[in-house]
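Visitor: Fold the following, please.
(4 chains)
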Number of protein chains: 4
Amino acid sequence: MVPLSPPVAEKSVHTKVTRRILIIDCADEQGLIAKISGVCFEHHLNVIKNNEFVDHAQGRFFMRTVLDGDINEADFISALQAVLPSKHHFKLVDAGKKRVVIMVTKEAHCLGDLLMKSYYGGLDVEIAAVVGNYDVLQNLTEKFDIPFHFISHDGLNREEHEQAMLNVIKPYEADYLVLAKYMRVLTPEFVAQFPDRIINIHHSFLPAFIGASPYKQAWDRGVKIIGATAHFVNNCLDEGPIIKQDVISVDHSYSAEELAHQGRDVEKSVLSKALQLVLNEQVVVYGNKTVVF
Amino acid sequence: MVPLSPPVAEKSVHTKVTRRILIIDCADEQGLIAKISGVCFEHHLNVIKNNEFVDHAQGRFFMRTVLDGDINEADFISALQAVLPSKHHFKLVDAGKKRVVIMVTKEAHCLGDLLMKSYYGGLDVEIAAVVGNYDVLQNLTEKFDIPFHFISHDGLNREEHEQAMLNVIKPYEADYLVLAKYMRVLTPEFVAQFPDRIINIHHSFLPAFIGASPYKQAWDRGVKIIGATAHFVNNCLDEGPIIKQDVISVDHSYSAEELAHQGRDVEKSVLSKALQLVLNEQVVVYGNKTVVF
Amino acid sequence: MVPLSPPVAEKSVHTKVTRRILIIDCADEQGLIAKISGVCFEHHLNVIKNNEFVDHAQGRFFMRTVLDGDINEADFISALQAVLPSKHHFKLVDAGKKRVVIMVTKEAHCLGDLLMKSYYGGLDVEIAAVVGNYDVLQNLTEKFDIPFHFISHDGLNREEHEQAMLNVIKPYEADYLVLAKYMRVLTPEFVAQFPDRIINIHHSFLPAFIGASPYKQAWDRGVKIIGATAHFVNNCLDEGPIIKQDVISVDHSYSAEELAHQGRDVEKSVLSKALQLVLNEQVVVYGNKTVVF
Amino acid sequence: MVPLSPPVAEKSVHTKVTRRILIIDCADEQGLIAKISGVCFEHHLNVIKNNEFVDHAQGRFFMRTVLDGDINEADFISALQAVLPSKHHFKLVDAGKKRVVIMVTKEAHCLGDLLMKSYYGGLDVEIAAVVGNYDVLQNLTEKFDIPFHFISHDGLNREEHEQAMLNVIKPYEADYLVLAKYMRVLTPEFVAQFPDRIINIHHSFLPAFIGASPYKQAWDRGVKIIGATAHFVNNCLDEGPIIKQDVISVDHSYSAEELAHQGRDVEKSVLSKALQLVLNEQVVVYGNKTVVF
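Guide: Sure, this is the predicted structure:
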């Protein structure tokens, strides 16, 4: 039994009032909740949902608040900053729909799930475009009237290929990039263009089976459970902050191919749930970890 | 964590030898395995996979065997029948791809998942057609080049509407009908046309919350887990033999609408896994229950 | 995969500062968090953990805060009440260890788990006594140097039996009563002595299989999942507010007896987790439901 | 949701007929089931339960059969061997209760669960003795009238310590040794005394977090799921054939200590289920993997 991501209804209220999400991450000190919620109250903001987390080991405070109301953003922000410790991270975003670009190679299951869920409203996202280093998934993408860009890596070195992709991706001004089984390693230069904004699905229960052919590795080891991990991409392969993981039971009767076949369902499910969390602004990156509200 | 359906690779071997699935269901008696497997051996059939189950309480024997080899089917069957108890059920089918017709109303998530999995090979099935009592899902179906038949119930009584659907469905000669959130109750007469061949997804963990609005019922009761149930349809609403069930954790913060929203994922997943089991001939109906090999 | 109860370390800090848990439940209005956390700040209380929940449908606000610091409780409470809406529920308790009395009949698995976890510190509780209407579990209880009271119902009517139990239970001044497979229905008069303070484990996934022999009912229905439910006891059998539920997968090969045998593990696990949540003051009863922070 | 081990009722039939379990592991060839079940039939054995598995990649056949009946064992075995390929593994054991010796260090949760389940019949096993390199768990063990042997490693080298333990363990003639959080590495010489007969619980989801402090490693990595693994011990630490694994969901709010605290429940549960499978003779070791019927 897998707990799903928290409810998404925060976004779906039909109201003319602007809904914003406020994320604060700063050194812990006494009275932070009182001060921050005090500022919200003074600006007549309605707190729809509020979560805090204090990492007592590191003395760090995290807060995510969903706020309804009409404010002068600059005034609100300067009032907030006046009560926060001098070093803080701060994010105030509109709760509206986010835009993503999806990168793929050949496998359809993750892309297909995102396209389908976006189509029927199971995922609250605008898929601006799909970019593939093969054209295998062009037909599927275009069924949903979404542009597909085929950027072959043939004859290009890694930097040239990534530059070609960037040329296509950048104009979409996506909030996030989603690697839906994109099977090439990205350079630090590419990743640096989208800090904490690239979400990858790895087909194992990290940190087990890092690297290539995790299902084959799992079969060789005779594990009784396999899994998938969605994480932000940083410069170390399969090492970025984990957003979501899930597993399924398997047994001796599965071949490596059957593990891979069955693993698809958990891959697509984990990626889709992780993306929803990110789109909801529920995920705060913190060192090499995440706080998921 | 949800165990998936057993591996499907039984079907995917590339060989010119015919693969068949043999299902036997009869009174238990000593020596049945020896006799049945003896007949298979004499006919030079290779046993790829074999499962038995004995219900000792009721003295009933079940066997499912995947067999490779070239046989004279009539000879094989008469040899088998010679060793079986006089009253037995017997099924010998080709392991090849099955054909289904899907019935829908307005909700896209189950249909969408079946269309997508069929498209990329995640489900080994031929979707011959989709029939809807609304035309909401016509566009989605036709994206995948599958015929959609809109049979409105407007102005028709139940019998007329079902007859109109039967007129469309029958010519497809489907192995199974799949009710992918088809929201009307079928008459016994309709069901009788497809005995143990109609698969429904019910949006609750049966037998909890039988009937209408199960998510609203679940919310009213304050449950901490919700679920979905795939079952064969018989004449009692929500009472047919259960094939597959699964659940997800929820909490107090979910509204009834959010329960329904989150429940979609488990509905589509349970339906798809149940259908795969049925397509694999892994499900034997037995009274109002199933044996799932 | 089952998410466990939230971490219990809130209690385990070694400090001379008093730790308290504040629970507030009142009509929702703007500024509540600011006002309440403001009062905490003014009294120099350190917020260790804070959770809120707003039921927007019913306009109800819930808050649970873990607070460290030395205060004049009366002053703090009157300051709080000054900022709360006139109708509110209010609880301020020490975060220390709670005391329970356990009621049993004959089955050992739930009692045994509670005794064992209490022994090695897996559950932070003082088991003051065990009361049984049979003496079957006396020996097990006394292994752990806990008094066992055998109050047979033989020759007593229900009221007399309950009165005899009350006479034994009352002097222990327990925070909670735990029905660890106590197999008799309690009268409303008995229940009224411990409002929202009696925790029961029901051996099914409520509301499925209410009443007697749920495993036999589950077997008859051919379900593929069985479960257990821990709930507060109110006057309607199996109808009280649900605290925790969990399930396990089963299949056709389980007899009703085997379902019961396998169900024991989930029963004991659900009861123990629910009890930990209650002992942690993480559960707020609200109508016939619970908010579990 | 975690599927439990298969039903254990195979053992619990009250009958004077001898119940045996037959395990065969040999090269695959056509007709094996027919031949083996034919021999069983000729000896008037009743097949209570039968499972086969063919590893088609490696051409290996596995069979486990539960058989009722009175036979001359020598005759039966020689008849069986006559139909099996020349190289085969073969095991014919009485289905009765097995005897184990448990080795521990200081942690009570796994030992406590085994003692308690054995006490109330939740685990069908005779715990002959407990051996500890500390005396911390002596009191707990003796509550259940089971001998505890305290064999300190103080002042002994590894070989001397293991020899002292062997001197105590050997006379019990245990079927299996259970390492219930025994925190020292065993030498190959010790392990060689009990080939495929030592069961260990490792407190991580292997192969993730091999070695020391897996919960600390898990916390550092920020995983969202933790687990436990029961495996047979061979000469490579944490590398033996896996019998059972399970996981629980965690989140950012867990400290390393809380992960360890919560992990106890899954450790004890996985060890107990794995042991039940082994006691039931459902586990066949096969290279560095297991077939679990």
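Visitor: List phi and psi for A:M63.
Guide: phi -150, psi 140 (degrees, to the nearest 10).
Visitor: distance of it from C:D238?
Guide: As defined by CB to CB, to the nearest Å, A:M63 lies at a distance of 40 Å from C:D238. C-beta coordinates here come from the backbone N, C-alpha and C atoms, glycine included.
Visitor: Which one of the two is surrounded by more residues?
Guide: Per other CB atoms under 10 Å in any protein chain shown, whichever of A:M63 and C:D238 has more neighbours is A:M63, with 22 against 17.
Visitor: Might you report the residue contacts of that one?
Guide: A:L22, A:I23, A:I24, A:D25, A:L32, A:I33, A:I36, A:N50, A:N51, A:E52, A:F53 (CB atoms under 8 Å, 6 or more residues apart in numbering or on different chains).
Visitor: try 7 Å
Guide: Each residue near A:M63 by CB atoms under 7 Å, 6 or more residues apart in numbering or on different chains is listed here: A:I24, A:I36, A:E52.
Visitor: Sort out which of those residues are buried, if you could.
Guide: Neighbour counting over the contacts of A:M63 (16 or more other CB atoms under 10 Å in any protein chain shown) leaves A:I24, A:I36, A:E52 as the buried ones.
Visitor: What strand or helix carries the first one?
Guide: Counting by DSSP states H and E, the element that carries A:I24 is strand A:19-27.
Visitor: where are the low-confidence patches of the stretch 151-293 of chain A?
Guide: Low-confidence segments of the stretch 151-293 of chain A (pLDDT under 70): A:237.
Visitor: Dihedrals phi and psi, A:V104?
Guide: phi -140, psi 170.
Visitor: Tell me who's in contact with the nearest residue to it once chain neighbours are set aside.
Guide: Excluding its sequence neighbours, the residue lying closest to A:V104 (CB to CB, 6 or more residues apart in numbering or on different chains) is A:G132, at 4.7 Å. When contacts are counted by CB under 7 Å, 6+ apart, A:G132 touches A:V104, A:T105, A:Q138, A:F148, A:F150.
Visitor: Surely the fourth one touches A:V136?
Guide: No - look at A:F148 against A:V136 with CB atoms under 7 Å: they stay out of range, at 10.2 Å.
Visitor: more neighbours, the two?
Guide: A direct count of neighbours by other CB under 10 Å for A:F148 and A:V136 places A:F148 higher, at 19 against 14.
Visitor: and stretch A:83-99, how far apart are its ends?
Guide: Taking CA to CA, to the nearest Å, stretch A:83-99 runs 32 Å from one end to the other.
Visitor: got the contact list for that stretch?
Guide: Counting by CB under 7 Å, 6+ apart, A:10-11, A:19-27, A:29, A:35-36, A:39, A:66, A:73, A:77, A:124-126, A:128, A:172, A:174-176, A:279, A:281 sit against stretch A:83-99.
Visitor: And those, which of them are buried?
Guide: Counted by 16+ other CB under 10 Å, those give A:10-11, A:19-26, A:35-36, A:39, A:66, A:124-125, A:128, A:172, A:174-176, A:279, A:281 as buried.
Visitor: hmm, back to that, from the contacts of A:G132, pick the one nearest chain C.
Guide: Ranked by distance to chain C (CB to the nearest CB), these are led by A:V104 at 28.3 Å.
Visitor: Surely the closest one and A:G112 touch.
Guide: No - in this structure, A:V104 is not within contact of A:G112 by CB under 7 Å, at 10.0 Å.
Visitor: A:N200 is in what secondary structure piece?
Guide: strand A:198-202.
Visitor: sorry, back to before: among the contacts of A:M63, name the ones that also lie close to chain C.
Guide: Contacts with chain C within the contacts of A:M63, as defined by CB under 7 Å from any CB of the partner chain: A:E52.
Visitor: Dig out what whichever residue of the stretch 51-200 of chain A sits closest to chain D forms beta bridges with.
Guide: Proximity of the stretch 51-200 of chain A to chain D (CB to the nearest CB) peaks at A:F53, 5.9 Å away. Beta-bridge partners of A:F53, counted by DSSP bridges, are A:F62.
Visitor: Assess the claim that it and A:I33 are in contact.
Guide: No - A:F53 is beyond contact range of A:I33, at 11.5 Å (criterion: CB under 7 Å).
Visitor: In terms of packing, which of those two has more residues around it?
Guide: A:I33 (25 against 21).
Visitor: Confirm that the more buried one sits in a strand.
Guide: No - applying DSSP: H, G, I helix; E, B strand; the rest coil, one finds A:I33 to be helix, outside a strand.
Visitor: which element is the residue nearest to it when sequence neighbours are not counted on?
Guide: Spatial nearest neighbour of A:I33, excluding adjacent residues (CB to CB, 6+ apart): C:S37 at 4.2 Å. Using DSSP H and E, C:S37 maps to helix C:32-42.
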